[in-house]
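Undergrad: Sequence first, then the predicted structure:
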4 protein chains.
Amino acid sequence: MDKIHEECGVFGIYNHPGHDAAQDVYNGLTALQHRGQESAGISVSDTEGDRGNLALKKGMGLVSEVFTEEDISGLKGNIGIGHVRYSTAGGSTYENAQPVAMRYIKGSLALVHNGNIINAEDLKHEQMERGQAHYTTSDSELIAYEIVSERIKSNSVEEAVLSASKKLKGGYACIIMSPRKLIGIRDPLGIKPLVIGKRDDDYILASESAAIESTGGKMIRDVEPGELIIISKNGISGNRSLCGARAAHCVFEYIYFARNDSVIDGIEVYGARLRSGKALSRINPVDADIVSGIPDSGIAAAKGYSEASSIPFAFIFHKNSYIGRSFIKPTQEERNISVKMKLNILKSEVKGKRIVLIDDSIVRGTTMKQIVKMLRESGAKEVHVRISSPPFLYPCFYGTDVPNSRELIASGVSREDICAYIGADSLEYLKIENFKEIVGNLPLCTACFDGRYPV
Amino acid sequence: MDKIHEECGVFGIYNHPGHDAAQDVYNGLTALQHRGQESAGISVSDTEGDRGNLALKKGMGLVSEVFTEEDISGLKGNIGIGHVRYSTAGGSTYENAQPVAMRYIKGSLALVHNGNIINAEDLKHEQMERGQAHYTTSDSELIAYEIVSERIKSNSVEEAVLSASKKLKGGYACIIMSPRKLIGIRDPLGIKPLVIGKRDDDYILASESAAIESTGGKMIRDVEPGELIIISKNGISGNRSLCGARAAHCVFEYIYFARNDSVIDGIEVYGARLRSGKALSRINPVDADIVSGIPDSGIAAAKGYSEASSIPFAFIFHKNSYIGRSFIKPTQEERNISVKMKLNILKSEVKGKRIVLIDDSIVRGTTMKQIVKMLRESGAKEVHVRISSPPFLYPCFYGTDVPNSRELIASGVSREDICAYIGADSLEYLKIENFKEIVGNLPLCTACFDGRYPV
Amino acid sequence: MDKIHEECGVFGIYNHPGHDAAQDVYNGLTALQHRGQESAGISVSDTEGDRGNLALKKGMGLVSEVFTEEDISGLKGNIGIGHVRYSTAGGSTYENAQPVAMRYIKGSLALVHNGNIINAEDLKHEQMERGQAHYTTSDSELIAYEIVSERIKSNSVEEAVLSASKKLKGGYACIIMSPRKLIGIRDPLGIKPLVIGKRDDDYILASESAAIESTGGKMIRDVEPGELIIISKNGISGNRSLCGARAAHCVFEYIYFARNDSVIDGIEVYGARLRSGKALSRINPVDADIVSGIPDSGIAAAKGYSEASSIPFAFIFHKNSYIGRSFIKPTQEERNISVKMKLNILKSEVKGKRIVLIDDSIVRGTTMKQIVKMLRESGAKEVHVRISSPPFLYPCFYGTDVPNSRELIASGVSREDICAYIGADSLEYLKIENFKEIVGNLPLCTACFDGRYPV
Amino acid sequence: MDKIHEECGVFGIYNHPGHDAAQDVYNGLTALQHRGQESAGISVSDTEGDRGNLALKKGMGLVSEVFTEEDISGLKGNIGIGHVRYSTAGGSTYENAQPVAMRYIKGSLALVHNGNIINAEDLKHEQMERGQAHYTTSDSELIAYEIVSERIKSNSVEEAVLSASKKLKGGYACIIMSPRKLIGIRDPLGIKPLVIGKRDDDYILASESAAIESTGGKMIRDVEPGELIIISKNGISGNRSLCGARAAHCVFEYIYFARNDSVIDGIEVYGARLRSGKALSRINPVDADIVSGIPDSGIAAAKGYSEASSIPFAFIFHKNSYIGRSFIKPTQEERNISVKMKLNILKSEVKGKRIVLIDDSIVRGTTMKQIVKMLRESGAKEVHVRISSPPFLYPCFYGTDVPNSRELIASGVSREDICAYIGADSLEYLKIENFKEIVGNLPLCTACFDGRYPV
């Protein structure tokens, strides 16, 4: 299906000495797999062992494909970080997989990162002027080099991370592992999510709370925008000197990226999606027999629409969960079969019905067009498409993979024309002003909808 | 999760000459992947080519793992059959993967099979007395040998299949490919499903209608119990000489095995599951705030329970779809984390609620116990478990993989004790007499619940 | 390089109970790897265990590629057989890999085979009339079925093997493993080699004595032509009822197939090759400065030529041993580079020299042409090619892979024209009458040179 | 077998635009495979394409295992460099595989390196003080960083390479690829070999001349000690400003590392080995029947010993070339079988003979002990071991992998005791003063024998 892609998920854990971290990181990354399926990596360190010996294993593919049982038991060390990555075309190489791990004058460090640094070219130029060559095209290496450069003049790695962060512009959530410490940093606007968890005496940092629970831990709180978190044998501490008054959390976490069961910046994601459906129902009511959502992205909003409108919620699709990345690509002419292999209609639920069909977004429109056609062939009387976000019009500079505007159907095509293209009876979007009822007063970055970039 | 397992799914297609079948078989098997994940195989034949040259490729794993794009384009031929297999411990080898393909006195044949032959030992002994050695322990080879033996004295392969079928006792749905023909046979009681589809002039045989649709075709009808279907350049024809008055369709297809979107013996599976939930609600009402189902097996019945009881349906679980076969096995002490990695609770939906929790069956009870515990930890006030099938008490001899009775919690433990074990507030099952309202007058095999074996 | 290919190597060992055979079979097959590099397989049985449970593992590639350490330690059983196979185009599939292992009325058996059955089609027809279908196109399955058919009416597996052997025409060396016994049989003319070895109380059967030594054992003697060898807990015994007066050992074992260090039918192979060089020198003397051989096939004969002629032996080639099967195939225009990658000239040894260049055979002549050219470019004054076998003119029906006559340069082209084609100053072959001084009175099959087929 | 290991082989080629380099590099690396079997890598650049886009592919294993045909055809660019690496325990990781490829302020570069930098720690410290973090523990990255640092203040990449080289102490032969140029540099003493070749208008740099010939090219000359070679669209040029009066070529290239057919610093390797055998014969004569060498390392010297002594040369071993890295490791008690699997005795050549047995070196002595035992068991009357190099007593700091002295049998054990340990009748070594007759006036580094380190 054509969807907007997140770039990454990050995870880190500080276990008490003697308790290996790798299996926990593996579990955490598996819980974050929806944030990136192209590559995965884990680095661990033994806080009681030799300084500077970070073990690293990374590779292309899903977490379950990259790591064997031997890999996990061979990664010895009680602190660990890990990463899953979705990668845009061209940058999909082993070298760009994370963590990045390097040895430098004060020891070694490994780093994982979710987000995008908008002043990357300037920083890279400065780094290269210092002789810091780049092996990858990733921002992770860029951030690591900033830390390395700051570390030379700093008293501690956390001080270096703080100094480095002051130079970064953009959205980022990083976890840095030194031989003895685990450090988390979130960008000053809190664009990218990062949460803190605890399991007995062990501390966890992760992109989403669901990853914490997958390891048996419990979420404590979000890392605040701009906050630096240091976890060491002395426990957990924070530094709020980069924290500001303003925040701009990425709205797409609530719309699509995050797992339903995650709680981000105080808002349960599933609840937000329910409320987006309710708002849609209120602003775009329609007389219909059933409401349904495209699995899995439209289900929660459809449930909300149903609750608010009292139109019954119905399951009308069967989704084949065995169609993975490895599916043999159909030729263009067989594209329709591709959607049919993934989604099939429960005809008895559809026949003769006027349907409200919810999804979180429309990117190219090709999949939606095919689904509407399949519904009509199954006897649907009317198909009213409702999208639980505004039209996607502007590129994201903070780490979300947006197709260029030529591929975005909303760019330069009227709502009416899109409706005609996908063959729906009506098409309506959520409006930016509705976010207030969805996430309350939580400040959001909605640049992809309105072009108002917070940085 | 611990579940009852189906053994297999079968698929066959007869395309017009010049149109390769392998990609269609691949698509069909992908749609049937839920019926077996241990091995997959495809065999094709070119009806215009040399007799006796059936191409074959099989292997261990998912369809998407066994076949590369090169494999599919290398399998040349306009008719093809394929198989997905779930295999019980010990029999999980390459040799037992299907299709079986052999050369014999009249040419060659390939065969795929779903089911179990209960007089296999007797037939195998007769075959071995004739010198027919066995490479595998599968019934497929056994059936193929019967056909080969009959073929020597028959005028056609379809006549041989018919004669062979007369000797088979049990549940079976077979597709046989000769160099020029595609033949389907279903056991006289119709225990195992087999349906006929059409796409333009091409004919399809498959375990479930969903597989037909995944190739762009449409279901025509079920193969009748005992019916033989012959597809050749002359079109499709049938032989009903083995058809009898009696039928006994496997009830577990409706409860769990088949896809929601399949229609088997005239009954849409999703509808049957909806009705099972409605029946449950009627016979076991409970005063509760929400109804929910364990994904994906309990969702449809939960929807039915909700519709009949007017207790709102709620999504209360997030299921991680990235946890596959390759997940690193947790040690026994980490078993709880295993369930947590797969299922997580949407806490806002659960807190303070009295919940009706639906699943299709309880096998060992360990997973259900853990889920009830997780719900209580998330603040559920009451958890009432409802099972959309009767207790599973008897072994199946027709091809369903049943744990032995020591592992079946329902065997020898009272309902009250199971309820206490899983920690629920109440536990109720569907009753055998309710199947009438679920599938109407369709004759069912319910031997696993009542021990009344039809053969 | 273009060479005549052997089809197979076979190995079997009967260890005392409790001592696993798989590692020994692995070692033995590695020692026989030169006889076949396409596929490898091992089957084992525990003589103290359940009857009829033969473990089997086979695959495509070299012995070291097919078997992991886990495979070997997982193959439990004190008797074992194994096979390496070179396979002609088209038949190179997993199914054709050996051993074949089957269950039949009296238990189970596994079989490995080197050779070719010339009445295979007749026997296969008889088998198919009995309903014995074929999974493979290999003679091994054919022989196994004959044994299975005879076993029904026989008192023991050895009696069945004997009866089956009476029906086989051609060259064969088979090792059969029943759950309790290891049986070897060699064709009545002794075309294919089979030797007996002993290590403490363990008995070994193998294509060549070198394989026995690689397991720490010692050769006892050859299996006689037509002899049946039975190894069981009662020790070793033989049956000579198929032994006749006549023998016709394959001459190519001495010329090329066998390892230099093997002793076959009483003749040490290296010694035979030395003597072939001496004979060449006597019948085709030449005035030259040095004698050399193409590695590795021409080295031994070159040494013999040197000893007989007193022309100094010289190393003039470096052979790159890292060019394996996986080498990226050059396009036709780069063919010359292909030879250069494999063989390079030691120029100081060649410059200004008159060279006698020995190889065991000329198949297409393309490689020899290139080598002569390389020698001239390195400054050789004269190149006199001497071939330690007669021209290869007739196909082999006993298991040697011969190119068809269109590809054989000797077929229909005069010696003078071949000499001109390869660019040599002179070209001479060994003569059939010279074999007497090479192997004494040992009766040979020389059909590939003179068309006089012994069977 | 236990042997001293070389660390690496390097190769580079500058083809005319439009002619891809990857297949040539593949062929060259295959010819250098004997210098390292742990990892392999290739980087290419298109001199007509975008600057800074070097393509890179590397991996663990043999050249033929790392690269598929698709890899080679996917590496587009007319200049290319490649590397094969033998790696010491612990450092055997993907990250340490070469080439290293990095982007820096002036574009990008890739580098391959053979040798060892003895002031690496000092340079690394300086680099880290500049903020240059290290991803690997290889000297290649170290050298690349020096070049990058110098490049900032230089007018050209060749100027930067020259400046960087001035800071390097040790033995090194590097090939550097910038987007438009191929640059070679050899350490001022010429410890490590590097040669120049030509094929039509294409230029080649390689560790050994044999690699040039494997691509169809011809050797022009050695890179002189300290010389810098620049190859660009303007042809080839050199810079000799680092060339000094002194040289110290690694003696082990002639003894063991290089291929027989290579010519290094004007000396054909095979000739040097022949002469070492002759010298051995002169200084350690013995009354014997035959001379032989352990394949392949002792063959050339044995031939020389034979020519000088007039004792006939004999082949007495068969070496199994199919025993590769993947061989299942024997337990200690099976160690003897391990040697037997690799080497077997041609008994007829050994029986009753007094043998002079030549090898190039003795490291631990365990293999030699086993071989002498095998010879005696085969009937050898006397075994006189002659080693074509002096005892190995001192560590190498220039890139040769030397076991530590505890594992070196020559360290602290008298010649007589070693002779007794290996079970020989006599044991003699070559002497350092004999090198003069082997390589003439060529200045050698013999530090591993006499501890006189040139740097």
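TA: Thanks, I have it.

Undergrad: how distant is the helix or strand containing residue A:385 from the center of its chain?
TA: Using DSSP states H and E, residue A:385 maps to strand A:382-387. Between the centre of strand A:382-387 and the centre of its chain there are 27 Å (Cα atoms, centre = their mean, to the nearest Å).

Undergrad: Phi and psi next, for the closest residue to chain C within chain A.
TA: Closest residue of chain A to chain C, Cβ to the nearest Cβ: residue A:70 (11.4 Å). Glycine gets a C-beta too; all of them are placed from N, C-alpha and C. As for residue A:70, its main-chain torsions (degrees, to the nearest 10) stand at phi -70, psi -40.

Undergrad: Now do it: how many residues are near it, please.
TA: By other Cβ atoms under 10 Å in any protein chain shown, the residues close to residue A:70 number 8.

Undergrad: How confident is the prediction for it, by pLDDT?
TA: On the pLDDT scale, residue A:70 is placed at 88.

Undergrad: three-state assignment of the residue nearest to residue A:144 when sequence neighbours are not counted?
TA: In this structure, residue A:144 finds its nearest non-sequential neighbour in residue A:111, 4.7 Å apart by Cβ to Cβ, 6 or more residues apart in numbering or on different chains. Following DSSP: H, G, I helix; E, B strand; the rest coil, we place residue A:111 in the strand state.

Undergrad: Bridge partners for residue A:111, pull those for me.
TA: Per DSSP bridges, residues listed as beta-bridge partners of residue A:111: residue A:100, residue A:176.

Undergrad: Number of residues surrounding it?
TA: Neighbour count for residue A:111, taken as other Cβ under 10 Å: 27.

Undergrad: now do residue A:174
TA: By the measure other Cβ under 10 Å, the count of residues near residue A:174 is 30.

Undergrad: close enough to count as contact, it and residue A:113?
TA: Yes - taking contacts as Cβ atoms under 8 Å, residue A:174 lies within contact range of residue A:113: 4.7 Å.

Undergrad: how about residue A:428, secondary structure?
TA: strand.

Undergrad: As a check, name the ranges of all strands in the stretch 101-250 of chain A.
TA: Using DSSP state E, counting those that start in this stretch, the strands found in the stretch 101-250 of chain A span residues A:107-117, A:170-177, A:182-186, A:195-199, A:202-206, A:218-222, A:228-232, A:235-239, A:249-250.

Undergrad: what number of residues lie near residue A:107?
TA: Look at residue A:107: counted by other Cβ under 10 Å, it has 15 neighbours.

Undergrad: picking up where we left off before, same for the strand holding residue A:385, what does it pack against?
TA: Here strand A:382-387 touches strand A:354-359, helix A:366-377, strand A:426-429, going by 3 or more Cβ pairs under 8 Å, 6 or more residues apart in numbering or on different chains; DSSP states H and E.

Undergrad: Of those, which is nearest chain D?
TA: Relative to chain D, the nearest member of the helices and strands packed on strand A:382-387 by Cβ to the nearest Cβ is helix A:366-377, separated by 29.5 Å.

Undergrad: for chain A, which spans come out with low pLDDT?
TA: A:1-2, A:4-6, A:52, A:87-92, A:324-336 (pLDDT under 70).

Undergrad: any idea how it splits into domains?
TA: Domain assignment of chain A by automatic domain parsing yields the ranges A:8-247, A:267-450.

Undergrad: Quickly compare those domains and say which is most buried.
TA: domain A:8-247 (a mean of 22; mean count of other Cβ atoms under 10 Å in any protein chain shown).

Undergrad: sec struct for residue A:255, please.
TA: Look at residue A:255: counting by three-state DSSP, its state is helix.

Undergrad: What is the burial count for it?
TA: Neighbourhood size, residue A:255 [other Cβ under 10 Å]: 27.

Undergrad: Please list the residues of the stretch 151-300 of chain A that sit near chain B.
TA: Proximity of the stretch 151-300 of chain A to chain B (Cβ under 8 Å from any Cβ of the partner chain) is limited to residues A:210, A:213-216, A:259-261, A:268, A:270-271, A:299-300.

Undergrad: Need the max-distance pair from those.
TA: Based on Cβ to Cβ, the longest span within these runs between A:216 and A:299 and measures 27.2 Å.

Undergrad: which residue sits closest to the one residue in the stretch 151-300 of chain A that gets nearest to chain B, ignoring its sequence neighbours?
TA: Closest contact between the stretch 151-300 of chain A and chain B, by Cβ to the nearest Cβ, is at residue A:261 (3.9 Å). Nearest non-adjacent residue to residue A:261, counting by Cβ to Cβ, 6+ apart: residue B:318, 3.9 Å away.

Undergrad: What segments of the stretch 301-450 of chain A are strands?
TA: Using DSSP E, counting those that start in this stretch, strands in the stretch 301-450 of chain A cover A:317-319, A:343-345, A:354-359, A:382-387, A:400-401, A:426-429, A:444-445.

Undergrad: helices or strands next to the last one in the packing?
TA: If contacts are counted by 3+ Cβ pairs under 8 Å, 6+ apart, strand A:444-445 sits against strand A:249-250.

Undergrad: what does the third one give?
TA: Strand A:354-359 is packed against strand A:290-293, helix A:299-309, helix A:366-377, strand A:382-387, with contacts defined by 3+ Cβ pairs under 8 Å, 6+ apart.

Undergrad: quick check, the longest one touching chain B?
TA: Yep, that's helix A:366-377 we're talking about. No - under the criterion of Cβ under 8 Å from any Cβ, chain B is not reached by helix A:366-377; the shortest gap measures 9.5 Å.

Undergrad: Name the residues linked to the spatially closest residue to residue A:284 that is not a sequence neighbour by a beta bridge.
TA: Nearest in space to residue A:284, with sequence neighbours left out and distances taken as Cβ to Cβ, 6+ apart, is residue A:428 at 3.7 Å. Taking DSSP bridges, one finds residue A:386 as the beta-bridge partners of residue A:428.

Undergrad: for residue A:428, what are its contacts?
TA: For residue A:428, the contact set (Cβ atoms under 8 Å, 6 or more residues apart in numbering or on different chains) comprises A:280, A:283, A:284, A:384, A:385, A:386, A:387, A:415.

Undergrad: do residue A:111 as well
TA: So residue A:111 contacts A:81, A:98-101, A:140, A:143-144, A:147, A:174-177 (Cβ under 8 Å, 6+ apart).

Undergrad: Get me the contact residues on chain A for chain D.
TA: Contacts of chain A with chain D, taken as Cβ under 8 Å from any Cβ, map to A:56, A:94-95, A:100-105, A:125, A:127-135, A:144-145, A:148-149, A:152.

Undergrad: change it to 10 Å
TA: Contact residues (Cβ under 10 Å from any Cβ of the partner chain) of chain A with chain D: A:56-59, A:93-95, A:100-106, A:108-109, A:124-137, A:141, A:144-152.

Undergrad: Kindly provide the distance from residue A:209 to residue B:389.
TA: Going from residue A:209 to residue B:389 by Cβ to Cβ, to the nearest Å gives 35 Å.

Undergrad: I'd assumed residue A:424 was in contact with residue A:382.
TA: Yes - if you go by Cβ atoms under 10 Å, residue A:382 and residue A:424 touch, sitting 8.8 Å apart.

Undergrad: For chain D, what's its nearest residue on the stretch 151-300 of chain A.
TA: For the stretch 151-300 of chain A, Cβ to the nearest Cβ, closest residue to chain D: residue A:152, 6.4 Å.

Undergrad: picking that back up, inside helices: which ones of the residues of chain A next to chain D?
TA: The helices in this structure, assigned by DSSP state H, contain A:124-129, A:141, A:144-152 from the residues of chain A next to chain D.

Undergrad: ok, which pair from these is furthest apart?
TA: A:125 and A:151 (20.2 Å).

Undergrad: Just give the closest residue to residue A:112, not the sequence neighbours.
TA: Excluding the flanking residues, the one nearest residue A:112 by Cβ to Cβ, 6+ apart is residue A:83, at 4.0 Å.
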